[in-house]
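K.L.:
A structural model of the following input is requested.
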Amino acid sequence: MRRLLIVAMSCIAGLPLSAQTVPTGSGELFAPRLDSMPRSDRRWSVALHSPTAQKLAPIASAFVPGSGQYMLGNDRFIGYVAVEVIAWLQYTKNVREQATQEAEFKLLARRTARAGFASGSVENLPDADWAYYEKMYDYIESGPFSLTVVGVTPDTSVGTYNGSRWQLAQATFSTRGAALAEYMRTAVRPEFEWSWVNAQFQYDRFKRTTNKRNDAHRAAQTNLMIIGANHALSMIDAFTTVRLRATPNRAGGTSIGATISW
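P.N.:
Have a look, this model is predicted:
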């Protein structure tokens, strides 16, 4: 196993340091000298030698990107903070856009596709989850839940959502009873029935709005991935920085470097 002292401050922290040779047992390497730092840069060395900063910097960076770099006197904290702020602003914008588009296509569905099935005001129609509106996107009409008033007689039209559920249930289960139970579990109930028939313009608008909602949702998820990566990179960066070592040299000064073993 070897232990090599490499130049770290100049490439990681960007400090204006001079260099000296340090014996390693297998040769000499150049390492920056702490005592050659200008007075204006002393804050960097003090921060790097703070035991508290070295212990807490990686943890702080994991929670607030850039905070660990700031504690260690590293100006790279600006980059991490900038990425964090921009990503959160974009995420907030995309979440608002998603909510706006959802409100629009739900209102459009109530006033057009579901209006003919409302017993009272369309505003009182029950809401549903996103999967329901995906069904409404794929099928121009739900079809009736039952063709008869007494009992449940499934819709047999393959062009409607309920009709497709009944066809699938029949193909999946060997008995009518089991197929009917599956149909009742998956079919759209009367209070959620819809039809875009004779409303093609509104149907196209509904599709465009849902597509915009999907785009905003995907963008928001991407923003969260960027935020997560920024936290992880900032933590790793801070941990790498605190691995720096202060090594006494023959001249009585101190050299800053990092050790790598293999």
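K.L.:
so, low pLDDT: which residues of this protein?
P.N.:
1-50, 52-53, 244-262 (pLDDT under 70).
K.L.:
now do the helices in it.
P.N.:
Taking DSSP state H, the helices of the chain run over residues 42-48, 51-63, 67-71, 77-108, 130-138, 161-172, 176-186, 200-242.
K.L.:
want to throw those into CSV with mean neighbour count?
P.N.:
The way it works is simple: take the backbone N, C-alpha and C, and place the C-beta from them, glycine included. Shown next, in CSV, are these (neighbours: other Cβ atoms under 10 Å):
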stretch, mean neighbour count
helix 42-48, 17
helix 51-63, 17
helix 67-71, 23
helix 77-108, 16
helix 130-138, 15
helix 161-172, 18
helix 176-186, 15
helix 200-242, 17
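K.L.:
make a markdown table out of those helices and add distance to Val152.
P.N.:
Output for those, formatted as a markdown table (distance: least, Cβ to Cβ, whole Å):
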| stretch | distance to Val152 |
| --- | --- |
| helix 42-48 | 73 |
| helix 51-63 | 55 |
| helix 67-71 | 61 |
| helix 77-108 | 28 |
| helix 130-138 | 19 |
| helix 161-172 | 10 |
| helix 176-186 | 6 |
| helix 200-242 | 28 |
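K.L.:
nearest to Val122, of those helices?
P.N.:
Nearest to Val122, of all the helices of the chain, is helix 77-108, at 9.0 Å by Cβ to Cβ.
K.L.:
any idea of the angle the closest one forms with helix 130-138?
P.N.:
60 degrees (axes from the mean of the first three to the mean of the last three Cα atoms, to 10 degrees).
K.L.:
list the helices and strands helix 77-108 packs on?
P.N.:
On a contact count with 3 or more Cβ pairs under 8 Å, 6 or more residues apart in numbering; DSSP states H and E, helix 77-108 meets helix 67-71, helix 200-242.
K.L.:
now distance to Leu89 too, for the ones you listed, in CSV please.
P.N.:
Below are the helices and strands packed on helix 77-108 laid out as CSV (distance: least, Cβ to Cβ, whole Å):
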stretch, distance to Leu89
helix 67-71, 19
helix 200-242, 9
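K.L.:
Leu107: which of the ones you listed is closest?
P.N.:
Going by Cβ to Cβ, the one of the helices and strands packed on helix 77-108 nearest Leu107 is helix 200-242, 9.7 Å.
K.L.:
which of the helices of the chain sits closest to Gly120?
P.N.:
Across the helices of the chain, closest to Gly120 is helix 77-108 (Cβ to Cβ), at 16.5 Å.
K.L.:
quick one: contacts for the residue lying closest to Ala118 once chain neighbours are set aside?
P.N.:
With Cβ to Cβ, 6 or more residues apart in numbering as the criterion, Ala118 has its nearest non-adjacent residue at 5.5 Å, and that residue is Leu125. Neighbouring residues of Leu125 by Cβ atoms under 8 Å, 6 or more residues apart in numbering: 110, 114, 118, 191.
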